[in-house]
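Chemist: Return a 3D structure for these sequence lines:
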Amino acid sequence: MKPNLFSKFFAEFLGTMVLVLMGCGSAVIAGANGTTGVGLLGIAFAFGLAVVAMAYAIGHISGCHINPAITIGMVVVGRMKATEAIPYIIAQVLGAIAGAAVLLVIASGKPDYSIVINGLGQNGYGEASPGHYSLLAGFIAETMFTFIFLLVIFGATSTKNIYGGFAGLSIGLSLVLIHIVGIPVTGVSVNPARSIGPALLTGGVAISQLWLFILAPVLGSVLSAVTWRYLLEAE
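Modeler: Numbers count the residues shown, from 1 in each chain. Below is the predicted model of the structure:
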């Protein structure tokens, strides 16, 4: 039976919630320095593994976009109708907010946790960047990382790909790779919903800088979709 629109909506909601809870949660709860922390590499794998897990959990229902940039890219590349993309994006943003809210409740269970000091894994540039990288560096990084991420997705999910059964794994590992390089720059978004959820609950600088983590991933997605459709997979 073909999944209905509500099933797809709910799948995208749950998938994005899990991505934010586990990915950002790895940074907030398990990412501390010292013997108990997972460090940068652990955080990178947490985001990637969350995508792998959800790809095999809900991929057959909604395609497991869990990212507005992916949904927009699928529209541009011609694999999805714009009318179907709108509820997908709404579900993703709501799921990200729910994931950030659950993370806040869990993190607040530690007496010395402060959302002002510890945050919720929000993205940032300049002084809010983990490595204090500039706005320009952050914008270029988010655009290029999303461009690369979407190329992997288009290729891995192409009907011409004989290794299609491993799509979820290749996509998740590409996200790990992107995070290994990009965490010091912006904390890595490549996903507007993933940035919106933590930013709305954290407020302040995270809100004022949110525009970059919406605009740059969308730009990277569109550039990737155009490249794939008209240069790489052109008949």
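
Chemist: Export the helix or strand harbouring Pro198 to CSV, keeping only CA atoms.
Modeler: Applying DSSP states H and E as the criterion places Pro198 in helix 192-202. Output in CSV follows, covering the C-alpha atoms of helix 192-202 (Å, rounded to 0.1, in the frame of the first residue of the first chain):
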residue,chain,number,x,y,z
PRO,A,192,17.6,24.7,7.7
ALA,A,193,15.3,22.7,10.0
ARG,A,194,18.2,21.4,12.1
SER,A,195,19.2,25.1,12.6
ILE,A,196,15.7,26.5,13.2
GLY,A,197,14.8,24.1,16.1
PRO,A,198,17.7,24.9,18.4
ALA,A,199,17.8,28.6,17.4
LEU,A,200,14.2,29.2,18.3
LEU,A,201,14.7,27.8,21.8
THR,A,202,18.1,29.3,22.4
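
Chemist: Next SSE downstream of that helix?
Modeler: Counting by DSSP H and E, the element after helix 192-202 in chain order, helix or strand, is helix 205-208.

Chemist: Check the secondary structure at Thr159 for me.
Modeler: Using DSSP: H, G, I helix; E, B strand; the rest coil, the structure places Thr159 in coil.

Chemist: Now it: phi and psi?
Modeler: phi -70, psi -20 (degrees, to the nearest 10).

Chemist: so Gln122 is in which element?
Modeler: Gln122 belongs to no helix or strand, assigned by DSSP H and E.

Chemist: Much appreciated, bye for now.
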